[in-house]
Every structure is written in structure tokens, then in C-alpha cells.
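Enquirer: give me the fold of what follows.
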Amino acid sequence: MKNLIVLAIITVFGISTSATAQEYVYFGVKGGVNFTNMTSDGFEDNNSRTGFNIGLLSEIPVSEKFSVQPEVLYSTQGTEAEQVIGGETSSGEYNLDYIQVPVLAKLYLIDGLSLELGPSFNFLVDEEIAFDTPIGDGNADAEYGSTFEFGGAVGASYKFNNGFFASARYTQGFTDAFDSENWDEDAVNNNGFQLGVGLMF
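Expert: Numbering: from 1, shown residues only. A predicted model of the protein is given here:
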């Protein structure tokens, strides 16, 4: 898994480095807040979890109005959910941390304002459950999650002339976030909003 993550980072920023022959290639840093949730028919009730994202990105212009923007982010996600098992209701907060590698197409509508859309390759790096059940509560490491998730992102950003930018996007996991061997037959999918600010240089 660590080798896959390293390979993804090298690939993303290798593309950026190979493009430095172009006159305008930008690199940057960003960070922000996540409001994420998970959908499943197996959840009786669930609410969003607040987390964060932080990472690196590059913008590679293809034309005056179109760019490709690969990123590598550390993103904390999950949900707060209730599940009824054997007539008893248990609640828990599922915390899943990912290395996300979105590769976004970026279309500028006007100077500074752009729409972003593209796939995201997400690698699970940590997982924990904070639980509250009829027989007790606490925290525990978990092994429900799939080590890889394929997802997508759509959003918008605005970049100021000094390089600072703000962005908002919706993310959606297309593949099951929980390994079917460790969970039940109900598919579980990540989704949520990412708000962020950053600096291009």
C-alpha cells in the first residue's frame, strides 16, 4: 500500500515536472475543512463528520482557458451513524483517513474563476471507530475499509492575482468504501464537501 501511494505521488508530480518546459506551470499548497458522510442501506441514521484536508498541487495549462490540476491530499473523512443489530441500537463515529490523488480538468470561465472536474484515486491510510453500544463505549482500530477507493470531484475555485485561491468541491466515492469481506452486503460510499484555501507559486 505504501508503495502504491508513493507511486501515485511520483506519477502526479512527475507529470508536472515533465511539463516544466512550458512557460507556465504552477505549484502550490492548500488546506481546508471537510464535511463528509457515508451512504448505506445498512445505516439506520447517520450524520456528517467534520474533518480536514491538506496537501500539494500543480496546475499545468493546456490552453488559455483549460488546465490539468493534479493534487495529493491528506483527507480525514467518515460519518456518525446508528445501526440496529438484534433489536439493539448502536452508534459510532467512523473515521477514515485517505491519501487522495485527484486529477482535475480545470476550465476558466472568466479571469480567475474556474470549474473543476475529474477522477480521484484514494488510498486508505488509517481507520478508527468511536462507538457507543448498550454494553459499553470507547475507541478501537477497525479493518472494515477498502484499501483503495475510486471516486470523483466537481467544484469551482477562484485564484487571485497574488496566487492565493479559494475552492469548494463535492466529492463522491464510486466504489465501496468498506471491504465486502469485512462488512455486510450493503454498499457504503463516501461523499462530502471540501472547502479550502491555498497559494500557487
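Enquirer: residues in contact with the spatially closest residue to Arg49 that is not a sequence neighbour?
Expert: Excluding its sequence neighbours, the residue lying closest to Arg49 (CB to CB, 6 or more residues apart in numbering) is Gly78, at 4.5 Å. (Each C-beta comes from the backbone N, C-alpha and C, glycine too.) The neighbourhood of Gly78, defined by CB atoms under 8 Å, 6 or more residues apart in numbering, consists of Thr36, Met38, Arg49, Gly51, Glu93, Tyr94, Asn95, Leu96.
Enquirer: tally of neighbours for Lys30?
Expert: Lys30 has 21 neighbouring residues, counting by other CB atoms under 10 Å.
Enquirer: SS state for it?
Expert: With DSSP: H, G, I helix; E, B strand; the rest coil as the basis, Lys30 sits in strand.
Enquirer: quick one on the thing from earlier: what helix or strand is the residue nearest to Arg49 located in?
Expert: For Gly78, the host element (DSSP states H and E) is strand 66-85.
Enquirer: got the residue ranges for the strands in this protein?
Expert: For the chain, the strands defined by DSSP state E cover 26-39, 45-61, 66-85, 88-110, 113-133, 136-141, 148-159, 164-173, 189-200.
Enquirer: direction included, what does the longest one pair against?
Expert: For strand 88-110, sheet partners with direction are given as strand 66-85 (antiparallel), strand 113-133 (antiparallel), following DSSP bridges.
Enquirer: out of those strands, indicate the one that is most buried.
Expert: Stretch with highest mean neighbour count among the strands paired with strand 88-110: strand 66-85 (a mean of 20; mean count of other CB atoms under 10 Å).
Enquirer: how far off centre is it?
Expert: Using CA atoms, centre = their mean, to the nearest Å, the mean C-alpha position of strand 66-85 is found 3 Å from that of the whole chain.
Enquirer: report the angle between it and strand 148-159.
Expert: 130 degrees (axes from the mean of the first three to the mean of the last three CA atoms, to 10 degrees).
Enquirer: low-confidence ranges, this protein, go.
Expert: Judged by pLDDT under 70, the chain has its weakly predicted residues at 1-23, 42-45, 82-90, 132-136, 180-185.
Enquirer: mind redoing it with 50?
Expert: Flagging of the chain using pLDDT under 50 yields the residue ranges 16, 19-21.
Enquirer: now do the contacts for the residue nearest to Gly31 when sequence neighbours are not counted.
Expert: Among residues not flanking Gly31 along the chain, Ile54 sits closest, at 4.0 Å (CB to CB, 6+ apart). Residues counted as contacts of Ile54 (CB under 8 Å, 6+ apart) are Lys30, Gly31, Gly32, Leu73, Tyr74.
Enquirer: beta-bridge partners for Ile54, please?
Expert: Note on Ile54: beta-bridge partners Gly31, Tyr74, judged by DSSP bridges.
Enquirer: do Ala130 as well
Expert: Taking DSSP bridges as the rule, Ala130 bridges to Glu93, Asn139.
Enquirer: now do Gly192
Expert: Thr36, Thr171.
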